[in-house]
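>>> Predicted model and sequence follow; I will ask about them next.
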Amino acid sequence: MPRRWISANPGLDNLRIEQAVPPQPGKGELGVEVRAAALNFSDLLMVDDKYQVRPPRPFTPGQEIAGVVTSAGEGTRHAVGDRVAGKVLWGGFASHAVLRDDMAIRIDETSTFAEAAALPVVYTTAYVALTECTSVKKGEVVLVHAAAGGVGVASIQIAVDRGAHVIAAAGSETKRKAALDNGARWAIDPNVTDWSEKVMELTGGRGADIVVDPVGGKVTLESLRALAIDGRLLIVGFAAGEIPKIPANRLLLKRAAAIGVYWNHDTDAQMLANVNERMSSDLASGAIRPVVDLRPGLEALPQALADLAARKTMGKVIIEIGDEA
């Protein structure tokens, strides 16, 4: 029986599960039987009415899905039976959802739905950063902050597959080990004073060619010290809660660039089509390997969200909804 989670009032305690009629796709849309759905911190904010996107209540949360196409609207590229993943505005924590055809990522037969559900947000961001905003090259050094997080792990895997050497910055021994397990060559503690000196030491005084920065604040400013000549600082986000004021003289003296990492399906259609093709190919070949914390059953959602809120998770938390994730 088709089911979905409903948020009628703010708060995780107010989530309820109910039977539902599968939504029908319109023009340019796909009806998808959801096999796996991924969790994001933005889901917590949306449920609490603290996110910039505020769906009318009651609504079904969930923004990343993977599953099988069961129906296709007019003008779609995908067909019934195709295995796809994609981002939805909301509605993902359900047995059935509607996905825009242009936002669908094709999944090969050898990849799991759980792995594919991890792609639409963090892997897309990492690919846009390292293959579109700049192009990471063989032999370059890439410094990745928050290296055990979703964008961090994705960035490590993408950079290593393209022949780069990764310095992973993560705040605990467990997280640094996770980064090394995913291919980083070195791991450093960003909580120590003047950690940028360690970066310079590891690189023989040259510095990092690329910095992937989803943290912001003081981390961004210290990263400028760690940049190599002609380095690129990729600004992904501000998890520290502080938007830094970047001193232009630091960029000038190193002939460096600060580049904002941003993407939107409505304005970047061709770029994202290129990214989706790369992701599909790299997932099939094993070049990327999403780290998944799989929770069986649609009923597992409230506890999984609570664990995510308490930062008790490692890797991408995925809810297994169908028979195979």
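Looks like it came in fine.
>>> separation between residue 197 and residue 141?
15 Å (Cβ to Cβ, to the nearest Å). All C-beta spots, glycine's among them, are computed from the backbone N, C-alpha and C.
>>> With residue 21 instead?
53 Å.
>>> who's more crowded, those two?
Neighbour totals were compared for residue 21 and residue 141, and residue 141 leads with 25 against 8 (other Cβ atoms under 10 Å).
>>> Please look at the more buried one and residue 168 and confirm they touch.
No. Residue 141 is beyond contact range of residue 168, at 11.6 Å (criterion: Cβ atoms under 8 Å).
>>> Residue 73 and residue 23 touch, don't they?
No. Using Cβ under 8 Å as the test, residue 73 is too far from residue 23 to be in contact (11.4 Å).
>>> which SSE is the closest residue to residue 276 other than its chain neighbours in?
Setting aside the residues directly before and after it, residue 276 is nearest to residue 105 in space (Cβ to Cβ, 6 or more residues apart in numbering), at 4.8 Å. Element membership for residue 105 (DSSP states H and E) is strand 104-106.
>>> try residue 200
helix 195-202.
>>> What's the separation between residue 294 and residue 131?
28 Å.
>>> and what of residue 41?
25 Å.
>>> who's more crowded, these two?
Per other Cβ under 10 Å, whichever of residue 41 and residue 131 has more neighbours is residue 131, with 17 against 14.
>>> Please, which helix or strand holds residue 264?
Using DSSP H and E, no helix or strand contains residue 264.
>>> same deal with residue 175?
Residue-wise, residue 175 maps onto helix 173-181 under DSSP H and E.
>>> correct me, but residue 115 touches residue 286?
No. Look at residue 115 against residue 286 with Cβ under 8 Å: they stay out of range, at 10.4 Å.
>>> Looking at the two, which one has more neighbours?
Counted by other Cβ under 10 Å, residue 115 and residue 286 do not tie: residue 115 has more neighbours, with 24 against 11.
>>> show me the contacts for the closest residue to that one other than its chain neighbours.
In this structure, residue 115 finds its nearest non-sequential neighbour in residue 290, 4.7 Å apart by Cβ to Cβ, 6+ apart. Neighbouring residues of residue 290 by Cβ atoms under 8 Å, 6 or more residues apart in numbering: 114, 115, 118, 119, 123, 153, 154, 283, 315, 316.
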